[in-house]
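Just a sequence and a predicted model for now, questions to come.
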Amino acid sequence: AQPRAAEPIPAPMRDLVWGKLNFLHTTDTHGWHAGHLQESQYSADWGDYVSFAEHMRKKADDNGVDLLLVDTGDRVEGNGLYDASSPKGKYYYDIYREQDVDIICTGNHELYIASTADREHEYTVPNFKGKYIASNLDYILPGTGERVPMAQRYRKFKTKNQGLEVVAFGFLFDFTGNANNTVVQPVRETIREKWFQRAIRETADVFVVIGHVGVQMQEFKDVFAAIRRQNWHTPVLFFGGHVHVRDATAYDSRSFAMASGRYFETIGWMSVDGVLKRSEEEEGGGGERGLAFHRRYIDNNLFGLYHHSGLNSTTFHTEHGRNVTSSIARARKELDLDYTFGCAPKNYWMTRSPYPGPDSIYTLLEEEVIPDVAVNPERKDIPRLVIANTGAIRFDIFKGAFTRDSTYITSPFLSVLRYIPDVPYFAAKKVIKLLNNAGKIMADAHMDNEFMAIPEKLAIKESIIYDTPVSPFSGEGAQKPMGQNGHKEPYLVEGYTTRDDIGDDGDDAVHSRINFYVVPNCIQSELSFPEEGEPETVDLVFFDFIHPWVLMALKFSGAVYTDKDVSLYVEGTFTELMAGWIKENWPAKC
Ligand SMILES: O=c1ccn([C@@H]2O[C@H](COP(=O)(O)O)[C@@H](O)[C@H]2O)c(=O)[nH]1
């Protein structure tokens with residue numbers, strides 16, 4: 001773990017169940033390869049994961065079973081370790097490649113910005129040559145403009161110990177927000193391609209489909225249906241992501257799918273046991289194969305990693321792992337990620353407390369930050385509506401030092417504020433309602449409102465509020481070790497208490513529960529409004545990411561505008577503006 005990372009806290013643990021074929025899975029790590037310095041549950045770093053994987057591979061070898069590592073994309077954007085350098089990812093690519101990942105694919109965040117896609121093609125694809133799979137993604141070569149597969153379309157290989165024939169695919173959901181140097185083919189079209197139809201007819205003991213796709217999304221169901229049509233008996237395993245939740249399901253009795261959360265909080269574990277070899281199945285007359293699937297969501301902290309590897313603080317860390325931990329610490333230092341802009345007076349939550357409310361990060365933005373930063377000196381007295389999409393904010397703010405790292409953790413995007421001047425108020429005031437409540441109307445116009453919100457909303461549609469919401473030991477000085485202060489009962493640290501289609505025993509550590517309040521797609525600040533009555537016209541200011549949605553909503557409201565009517569409202573990215581606001585408004589020292 002990193003030098004200043006929170007110490008892990010013991011928790012009651014559920015063990016891993018091994019099978020003949022086992023997997024470790026990461027997804028949506030978003031640059032959090034230094035781990036969560038402020039959260040004891042997730043404070044291990046990429047170096048610790050390198051050590052862990054080495055021990056688990058050895059265990060697999062000793063027992064004659066197989067272990068494969070999978071990563072399903074969105075490795076970038078969301079943490080200073082990636083975002084704070086120029087160019088972005090200056091340190092990240094070399095750190096990430098130290099893990100020996102067997103099957104890897106692309107997420108949407110590798111593709112929003114052309115230069116990010118270029119670097120993915122230049123570094124990560126060759127770093128994982130033969131292991132990187134791009135079943136439905138092409139790249140446009142910068143020199144020639146030639147369109148080529150981002151990486152090989154699929155991978156066929158034999159596992160080391162069991163000799164299982166694996167055919168693996170790597171998909172991205174039907175993403176349309178990519179820069180113009182990549183082409184994402186809709187999954188339903190890819191599965192009709194000749195190469196795919198040939199690949200699913202290859203001899204395989206097991207199909208492994210990895211994807212930057214939620215396990216409940218249609219794209220995976222379509223891939224499953226196509227494979228199953230050709231392969232009635234073969235196990236099909238899915239590793240998904242994108243939705244930022246822990247989730248697992250089974251599409252039938254010989255398939256299994258899991259998603260392993262977000263931000264390197266979770267290392268997913270999947271195992272499959274039973275008769276896996278086709279030859280053995282054929283010998284047995286194709287009958288009962290006794291297939292057994294298990295999943296476990298491992299909290300990424302050293303206490304858990306020691307527990308699952310059967311090691312301790314003196315025996316766990318390999319030289320390789322330690323070196324990776326040191327490289328991360330050096331990069332963090334060079335990037336000055338601990339530089340403090342100000343001291344957050346309390347916690348501000350995205351979904352753990354209701355919006356609007358005093359503890360909501362969105363209320364903080366709407367009522368305090370945006371009114372101060374969304375100011376164009378030449379138009380400051382003109383009434384304006386400022387609309388921000390909630391998906392632009394990516395993480396909570398914890399009480400204490402708000403650092404350079406925190407700026408990217410909270411707001412990693414290069415979002416700027418744009419505006420349309422003098423919009424008739426009767427139309428402008430309807431925009432927020434259309435963005436938040438008219439999902440069907442907007443979707444019919446091919447503008448899916450969900451893409452403005454936090455990804456978790458794709459999976460969680462209703463607030464989850466528990467009777468006894470949080471641990472009685474939470475609040476100031478929360479997360480005390482088990483048995484501390486003479487208590488016999490273990491103190492449970494707040495954390496994931498996942499309920500998926502398989503059950504509620506997936507998390508490796510037993511936690512106390514956390515509420516999840518659904519937030520709207522967008523929030524709005526009303527600024528410089530007359531004290532009485534309504535303005536005739538307003539400046540409509542908005543984050544540039546939601547530009548297309550705003551134009552569509554205005555059209556539905558009876559005011560037609562085009563891209564030409566939109567211009568920059570204020571200099572600087574929202575991230576810079578927010579950091580400046582914190583410097584001005586929060587105490588310098590904690
Ligand atoms: O420039 C951007 C890019 C993305 N967003 C928000 O992020 C989600 C996508 O998050 P995933 O991690 O890919 O699931 C997108 O729907 C937007 O809400 C943004 O605000 N600005």
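Happy to help now that I have it. Residues are numbered from 1 along each chain as shown.

where does the chain have its least confident helix or strand?
Least confident helix or strand of the chain, by mean pLDDT, DSSP states H and E, is helix 278-283 with a mean of 76.

Can you tell me the SS state at the residue in the chain that the ligand sits nearest to?
Residue of the chain nearest the ligand, by Cβ to the nearest ligand atom: G391 (1.9 Å). Just so you know, the C-beta spots here come from the backbone N, C-alpha and C atoms, and that holds for glycine as well. Per DSSP: H, G, I helix; E, B strand; the rest coil, the local secondary structure of G391 is helix.

now H30
Under three-state DSSP, H30 comes out as coil.

Please name the nearest non-neighbouring residue to it.
Distances taken as Cβ to Cβ, 6 or more residues apart in numbering place G78 nearest to H30, at 3.0 Å, with adjacent residues excluded.

What is the neighbour count of the one you found?
G78: 26 surrounding residues under other Cβ atoms under 10 Å.

got the residues of the stretch 101-250 of the chain near the ligand?
108-109, 112, 242, 244 (Cβ under 6 Å from any ligand atom).

Quick check: A588 touching C343?
Yes: the pair A588 and C343 qualifies as a contact (Cβ atoms under 8 Å) at a distance of 7.1 Å.

Does the residue nearest to H30 touch T410 like I think?
No: contact between G78 and T410 fails when scored by Cβ under 8 Å: they sit 9.5 Å apart.

Between the two, which contacts overlap?
Any residue near both G78 and T410 by Cβ atoms under 8 Å, 6 or more residues apart in numbering counts here, and that gives 394-395.

Any stretches of the stretch 151-300 of the chain with poor pLDDT?
For the stretch 151-300 of the chain, the stretches with pLDDT under 70 are 281-288.

What ranges does it have for its strands?
Remark: strands assigned in the stretch 151-300 of the chain by DSSP state E, counting those that start in this stretch are 154-158, 165-172, 182-184, 206-212, 236-240, 246-249, 255-260, 266-273, 292-299.

Run through the stretch 351-500 of the chain and note the low-pLDDT ranges.
Using pLDDT under 70, the stretch 351-500 of the chain drops low at 468-490.

The ligand contacts on that one?
Within the stretch 351-500 of the chain, the positions adjacent to the ligand are 389, 391-392, 413, 415, 451-453, 455 by Cβ under 6 Å from any ligand atom.

If any of those residues are buried, give me the PyMOL selection for them.
A single PyMOL command selects the buried members of these (16 or more other Cβ atoms under 10 Å):
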select buried, resi 389+391+392+413+415+451+452+453+455
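
From the opening residue of stretch 122-142 to its closing one, how far?
End-to-end distance of stretch 122-142: 11 Å, with Cα to Cα, to the nearest Å as the criterion.

try stretch 63-75
Across stretch 63-75, the terminal residues are separated by 32 Å (Cα to Cα).

Which parts of it count as buried, going by neighbours?
Neighbour-count burial for stretch 63-75 flags 65-75 (criterion: 16+ other Cβ under 10 Å).

farthest pair in those residues?
V65 and D74 (29.3 Å; Cβ to Cβ).

Distance to A117 added to the residues of the stretch 351-500 of the chain next to the ligand, as a markdown table?
A markdown table is the format used below for these (distance: Cβ to Cβ, whole Å):
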| residue | distance to A117 |
| --- | --- |
| N389 | 22 |
| G391 | 20 |
| A392 | 21 |
| F413 | 16 |
| S415 | 19 |
| F451 | 19 |
| M452 | 22 |
| A453 | 24 |
| P455 | 20 |
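
Quickly list the domain ranges of the chain.
21-334, 340-461+518-585 (automatic domain parsing).

Relative to R4, which of these is closest?
Using Cβ to Cβ, the nearest of the domains of the chain to R4 is domain 21-334, at 5.6 Å.

Between the two ends of the closest one, how far is it?
First residue to last in domain 21-334 (Cα to Cα) measures 41 Å.

thinking again about what came up before, looking at A588 and C343 now, which is surrounded by more residues?
Shown here are A588 and C343; by other Cβ under 10 Å, C343 has more neighbours (15 against 9).

In terms of helices and strands, where is that one?
strand 340-344 (DSSP states H and E).

Just give me how far that strand sits from the chain centre.
The chain centre lies 25 Å from the centre of strand 340-344; the measure is Cα atoms, centre = their mean, to the nearest Å.
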